[in-house]
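Kindly generate the corresponding structure for this input.
(one chain, ligands or ions: 1)
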Amino acid sequence: MVASPSLELPAEATVAERHEKAPAVGERIPVHSAVCFGCADLPHGLRLESWVTDDEAGAAAISSRMVLREEQQGAPGLLHGGLLTAAFDEVLGSVVALVTRPCVTARLETDFRAPMPIGSTLWLRGRVDGRLGRKLYVSGRAHLDAPDGPVVGTASALFLKVEMDHFLRNSRPEDLEALGVPAERIRAARA
Ligand SMILES: CCCCC/C=C\C/C=C\C/C=C\C/C=C\CCCC(=O)SCCNC(=O)CCNC(=O)[C@H](O)C(C)(C)COP(=O)(O)OP(=O)(O)OC[C@H]1O[C@@H](n2cnc3c(N)ncnc32)[C@H](O)[C@@H]1OP(=O)(O)O
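Next up is the predicted model:
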């Protein structure tokens, strides 16, 4: 499958290794925010669980697991397609965060290859294929019911490194203050 031109890995891109402070191979990736739709243990969330995995080329890679629930249906008995894309956003965002942070999704393309029955488990993989300046090129695969089960979806994405100011300027002030960010710092970023 050929990705859109802006998602193609440039020849000058370099291998994106895990940051020295990132979790090691085999370790669970901690929930990055208690309110995250993707990884937090919320009644309405995807509840993805992720682990750091090994990669032949030394690139950052993860494996994730998601159980498909009744309330996630699109067609009867099948996962809503947008939720596979949301799952890839979480998985690919989490693998990028092993390299550098904070980053945001700029472009995300999903290929739906087979239906995903409710009650089954998705095993997703994400890998940072390369980095060029602020741009991180990532790809992912979703397998049904086993880490090496049939491939039901694939994804390619571009993430961009941003400064903390991105959140200081755009997140709701009350949410930032709840994280302990001083009101003065928020005001200064927005001045
Ligand atoms: C104190 C508060 C702390 C808050 C917590 C912080 C961090 C959290 C930590 C860890 C997170 C861990 C895990 C996360 C897991 C899952 C989260 C899921 C991820 C998300 O849920 S995240 C939300 C959705 N996401 C957005 O909300 C982004 C909205 N958007 C923007 O904010 C801007 O759009 C931005 C910043 C993307 C770019 O803006 P910009 O001004 O920085 O960059 P600019 O436009 O100059 O582009 C520079 C070069 O990228 C190329 N480029 C840009 N966009 C492109 C596109 N779409 N397609 C192809 N190429 C593109 C240009 O063509 C140019 O390329 P070139 O340099 O070659 O010309």
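
helix, strand or coil for A189?
Here A189 is recorded as helix under DSSP: H, G, I helix; E, B strand; the rest coil.

didn't it look like it was pressed against L168?
Yes: at 3.6 Å, A189 counts as touching L168 under the criterion of CB atoms under 8 Å. No exception for glycine: its C-beta is placed from N, CA and C like everyone else's.

can you pull out the helices in this protein?
Listed in chain order, the helices of the chain (DSSP state H) span 81-96, 165-170, 173-178, 183-190.

Format these as CSV; extra columns: mean neighbour count and mean pLDDT.
Shown next, in CSV, are the helices of the chain (neighbours: other CB atoms under 10 Å; pLDDT from 0 to 100):
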stretch, mean neighbour count, mean pLDDT
helix 81-96, 23, 98
helix 165-170, 14, 97
helix 173-178, 13, 96
helix 183-190, 13, 97
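
Distance to the ligand added to those helices, as CSV?
Output for these, formatted as CSV (distance: least, CB to the nearest ligand atom, whole Å):
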stretch, distance to the ligand
helix 81-96, 3
helix 165-170, 4
helix 173-178, 6
helix 183-190, 8
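
Quick one: these as TSV, columns for distance to D145 too.
As requested, those are exported to TSV (distance: least, CB to CB, whole Å):
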stretch	distance to D145
helix 81-96	15
helix 165-170	37
helix 173-178	37
helix 183-190	45
